[in-house]
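A.B. asks: Structure of the sequence below:
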Amino acid sequence: MTVIDEFGALKQGGDLHLSEAGARDFFELLKPRVMSLVVFTAFAGLVLAPGHIHPVLGAIAILCIAVGAGASGALNMWYDADIDAVMTRTARRPIPAGRIAPNEALAFGLILSAFSVSILGLVVNWFAAGLLAFTIFFYAVVYSMWLKRSTPQNIVIGGAAGAFPPMLGWACVTGGVSLDSTILFLIIFFWTPAHFWALALFKMRDYGSVGVPMLPNVAGEASTKRQIFLYTVLTVVSTLAPVATGLAGIGYGLFAAALGAVFIYCSIAVWRMPDGDTKMVAAKKMFAYSIVYLFAIFSALLADRFIGAFVGGLL
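C.D. replies: Numbers count the residues shown, from 1 in each chain. As a prediction, the model looks like this:
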């Protein structure tokens, strides 16, 4: 029986076993690098929201959002263990590497999901808790179990799950959503395809080997490059929207425009990259810059808010 067949049997109720995994293995299930982005953007949403939340409640809210994000990661790794075992980028993850049994990962993800949602609801507010529950469901079920293996638009639609954290942070303070929190959502929503398709360009063989219909494998490199450019432009436009609504000032707008100009330049370099380029240097550079870009945008929003509050306190 192949590795993929074994994981399939476990999903269908085959023999279950316990591993001797350590704390580090379970921590890896949480996808800590993804979690760091979730925590940071959720914190930004919490700080940028109008109103006030007690620091202790704010810390609990961020912790619950982080745990919920980790739960999503664990459930995603449980379901994707069969293809993770084949792809070089993911073959050393805890489940395909044999360090954690699939049933343990599933139980771990479900327990963390229930814990994070219930604590957020009981301590902060139930609207935010419901939004967190929906986010976990969207990532683990809608994206991982349905969209990822069925459509080349998986990243576009499924990317919504990764765009909810700032809206979650906002909801923890206000108990609802607003135009400004929707703009924060849209920044990440538009950024995700440009970011992930750059990765997909130089990992086409990996995705092709497991039958995941990523855009480059289905529509081709040329179409993917055009769509990367389109979503890059949409991302840059969305980062300027906070200035129009008054969420951020002109200083932030100028900084965001400069960052955006570099992001668009990277996307043009990818567009000009010859089809079949084995080195994919431009795609790799864009992928790396896209991570820095998103952190820088939300850092600038936070800096704008803190500077504005400091100046306002002096006047």
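A.B. asks: Could you use CA atoms for every contact and neighbour count after this?
C.D. replies: OK.
A.B. asks: which stretches of the protein have low pLDDT?
C.D. replies: 1-20, 312-315 (pLDDT under 70).
A.B. asks: care to break it down by domain?
C.D. replies: The record assigns the chain these domain ranges, following automatic domain parsing: 21-176, 178-308.
A.B. asks: Turn those into a markdown table, including mean neighbour count.
C.D. replies: Below are those laid out as a markdown table (neighbours: other Cα atoms under 10 Å):
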| stretch | mean neighbour count |
| --- | --- |
| domain 21-176 | 20 |
| domain 178-308 | 19 |
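A.B. asks: Taking the centroid of this protein, which residue is nearest it?
C.D. replies: Gly162 (3.4 Å; Cα atoms, centre = their mean).
A.B. asks: OK, contacts around it?
C.D. replies: By Cα atoms under 8 Å, 6 or more residues apart in numbering, Gly162 lies in contact with Val38, Tyr139, Ile188, Phe189.
A.B. asks: how about the nearest residue to the second one, chain neighbours excluded?
C.D. replies: In space, not counting the residues next to it along the chain, Tyr139 is nearest to Ala161; the distance is 5.4 Å by Cα to Cα, 6 or more residues apart in numbering.
A.B. asks: Go ahead and confirm the one you found touches Ala140.
C.D. replies: No: using Cα atoms under 8 Å, Ala161 makes no contact with Ala140, being 9.2 Å away.
A.B. asks: Kindly list the main-chain dihedrals of Gly276?
C.D. replies: For Gly276, the backbone dihedrals (degrees, to the nearest 10) come out as phi 80, psi 0.
A.B. asks: so how far is Phe202 from it?
C.D. replies: Distance of Gly276 to Phe202, given as Cα to Cα, to the nearest Å: 10 Å.
A.B. asks: what helix or strand does the residue nearest to the centre of the chain sit in?
C.D. replies: Using DSSP states H and E, Gly162 maps to helix 160-163.
A.B. asks: following that helix, which helix or strand shows up next?
C.D. replies: Next helix or strand after helix 160-163 toward the C-terminus (DSSP H and E): helix 165-174.
A.B. asks: Show me what that following helix is packed up against.
C.D. replies: With contacts taken as 3 or more Cα pairs under 8 Å, 6 or more residues apart in numbering; DSSP states H and E, helix 165-174 sits against helix 32-48, helix 55-79, helix 126-137, helix 179-202.
A.B. asks: go with 6 Å
C.D. replies: Where contact means 3 or more Cα pairs under 6 Å, 6 or more residues apart in numbering; DSSP states H and E, helix 165-174 is packed against helix 32-48, helix 126-137.
A.B. asks: Contacts for it, please.
C.D. replies: Where contact means Cα atoms under 6 Å, 6 or more residues apart in numbering, the residues beyond helix 165-174 that reach it are Val38, Thr41, Ala42, Gly45, Leu46, Ala49, Ile53, Ala128, Val177, Ser181.
A.B. asks: repeat for stretch 114-131
C.D. replies: So stretch 114-131 is contacted by Cys64, Val67, Gly68, Leu168, Ala171, Cys172, Gly175 (Cα under 6 Å, 6+ apart).
A.B. asks: Looking at the residues you listed, which two lie furthest apart in space?
C.D. replies: The largest separation in the contacts of stretch 114-131, counting by Cα to Cα, is between Val67 and Gly175 at 19.8 Å.
A.B. asks: Strands of the stretch 151-300 of the chain, residue ranges please.
C.D. replies: Counting by DSSP state E, counting those that start in this stretch, one finds no strands in the stretch 151-300 of the chain.
A.B. asks: picking up where we left off before, list just the nearest of the contacts of stretch 114-131 to Phe295.
C.D. replies: Among those, Leu168 lies closest to Phe295 (Cα to Cα), at 17.3 Å.
A.B. asks: Do you have the helices of the stretch 201-315 of the chain handy? List them.
C.D. replies: Secondary structure of the stretch 201-315 of the chain, counting by DSSP state H, counting those that start in this stretch: helices at 204-210, 215-219, 221-245, 250-272, 281-314.
A.B. asks: any idea how far the last one is from the chain center?
C.D. replies: Looking back up the chat, that one is helix 281-314. Distance of helix 281-314 from its chain centroid, counting by Cα atoms, centre = their mean, to the nearest Å, is 17 Å.
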